[in-house]
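**Student:** Kindly return the folded structure for what I paste below:
(one chain, ligands or ions: 1)
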Amino acid sequence: MAERTPWSLGAALRGMFSKPTIDESTWEDLEEALIGADFGPDITDEIVERLRGQVDEFRMEDPRDLKRLLRETIEERLDRFDTTLKLSDRPAVTLVVGVNGVGKTTTIGKFAKFLRQHGRSVVVGAADTFRAAAVDQVTTWAARADALIVRPQQPGQDPASVAYQTVDAALRQQIEMVIIDTAGRLQTKGGLMDELGKIRRVVEKLVPVSEVLLVLDATTGQNGVNQAEAFIQHAGVTGLVVTKLDGSAKGGFVLAVQERTGLPIKLIGQGEGIDDLAGFEPHVYAQKLVG
Ligand SMILES: Nc1nc2c(ncn2[C@@H]2O[C@H](COP(=O)(O)OP(=O)(O)OP(=O)(O)O)[C@@H](O)[C@H]2O)c(=O)[nH]1
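**Tutor:** Residues are numbered from 1 along each chain as shown. Sure, this is the predicted structure:
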């Protein structure tokens, strides 16, 4: 897995753990590694301060003990959020939202496959009717995932009506999971949020919406969160999907984004392939991050 985890702190921490004992430079190295990994200044300060306190209190000298403490601290902070997907409704409707290019369509394909592999029937609604190419892309991904697709009946059809038809098809055919693609354009924030609000209202005439997943690109790190602020404030987001971790050295982004938004990470994307999606497990993540 090493080649799949460029976000691991392994390389950044190597110097620090090669020294026989903890000294002042250890703290500088740790701070630099955490900032470099996009934990952000506040979390970095808090972690360094806490670990310093523990090292003093327990008179630790071995950097390997510090590594263990670092892993435990990160895991404990990641664990404060409930990262499980809530998909017990039938059908369980998931709206996928986010700005352009973050990996929404790819995530929908991977998520559909993930659910299919767990034996669930899946229908995808191509409600990003703004771009014809978007409908074709999501259709291709649905086919790869062995999921059904509901496409607009004419170009530019109201996204809410596509969403409605998708949920209606799921009810009639007893399909367990509905995943709805939405447009990511941000030119008119008000318009976008109105559109998402309408999709939700229309779907909820039939069944509740189980999850609203906001997709964020790890390579843009915390800057990307600013772009997504409108979704966080207005779209009723229930969880985050962090994509492109495979191309990112910003493993700390995952903790920073959970704490900054107050929203749990529910899935992580680590590649362009259909199987490159995983549920988010704090213990596993902290282990891979710190080593
Ligand atoms: N390396 C890597 N690339 C990814 C991942 N997820 C998506 N991508 C790539 O990111 C690019 C954009 O992905 P899309 O799924 O089209 O993004 P989108 O948000 O649907 O984009 P729009 O439809 O334009 O809004 C594509 O080249 C994907 O292959 C990932 O986890 N890792």
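**Student:** From here on, just use CA atoms for contacts and neighbour counts.
**Tutor:** Fine.
**Student:** Output the set of residues of this structure in proximity to the ligand.
**Tutor:** With Cα under 6 Å from any ligand atom as the criterion, the chain meets the ligand at residues 100-106, 134, 184, 243-244, 246-247, 269-272.
**Student:** Drop anything exposed from these.
**Tutor:** If you count burial by 16 or more other Cα atoms under 10 Å, the buried members of the residues of the chain next to the ligand come out as 102-106, 134, 184, 243-244, 246-247, 269-271.
**Student:** Now, those that are in helices?
**Tutor:** Among those, the members falling in helices (DSSP state H) are Lys104, Thr105, Thr106, Ala134.
**Student:** hmm, back to that, could you find the lowest-pLDDT member of the buried ones among the residues of the chain next to the ligand?
**Tutor:** Ranked by pLDDT, those bottom out at Gly184 (79).
**Student:** which residues does it contact?
**Tutor:** By Cα atoms under 8 Å, 6 or more residues apart in numbering, the contact list for Gly184 reads Val97, Gly98, Val99, Asn100, Leu192.
**Student:** Pick out the most distant pair among these.
**Tutor:** Asn100 and Leu192 (12.2 Å; Cα to Cα).
**Student:** Run through the helices of the stretch 51-200 of the chain in chain order.
**Tutor:** Along the stretch 51-200 of the chain, the stretches classed as helices by DSSP state H, counting those that start in this stretch are 63-78, 104-117, 132-144, 159-173, 189-203.
**Student:** same for the longest one, what does it pack against?
**Tutor:** Put plainly, it is helix 63-78. helix 10-18, helix 41-57, helix 253-261, helix 282-290 (3 or more Cα pairs under 8 Å, 6 or more residues apart in numbering; DSSP states H and E).
**Student:** hey, least reliable of these by pLDDT?
**Tutor:** helix 10-18 (a mean of 76).
**Student:** Run the angle between that helix and helix 63-78 for me.
**Tutor:** Orientation check (axes from the mean of the first three to the mean of the last three Cα atoms, to 10 degrees): helix 10-18 against helix 63-78 gives 140 degrees.
**Student:** Other residues contacting the following helix or strand past helix 10-18?
**Tutor:** For helix 10-18, the succeeding helix or strand toward the C-terminus, using DSSP states H and E, is helix 24-36. Contact partners of helix 24-36, identified using Cα under 8 Å, 6+ apart, comprise 9, 12-13, 15-16, 40-41, 44-45, 48, 249-250, 252.
**Student:** and helix 24-36, which residues are buried?
**Tutor:** So for helix 24-36, counting by 16+ other Cα under 10 Å, buried means Thr26, Trp27, Asp29, Leu30, Glu31, Ala33, Leu34, Ile35, Gly36.
**Student:** That one: how far from the chain's middle?
**Tutor:** Helix 24-36 sits 27 Å away from the centroid of its parent chain (Cα atoms, centre = their mean, to the nearest Å).
**Student:** ok, now stretch 89-107?
**Tutor:** That offset, for stretch 89-107, works out to 10 Å (Cα atoms, centre = their mean).
**Student:** what's the span of that stretch from first residue to last?
**Tutor:** With Cα to Cα, to the nearest Å applied, stretch 89-107 spans 21 Å between its terminal residues.
**Student:** same thing with stretch 27-46?
**Tutor:** End residues of stretch 27-46 are separated by 12 Å (Cα to Cα).
**Student:** can you pick the most crowded of the contacts of helix 24-36?
**Tutor:** Counting neighbours by other Cα atoms under 10 Å, Gly252 comes out on top of the contacts of helix 24-36 with 27 neighbours.
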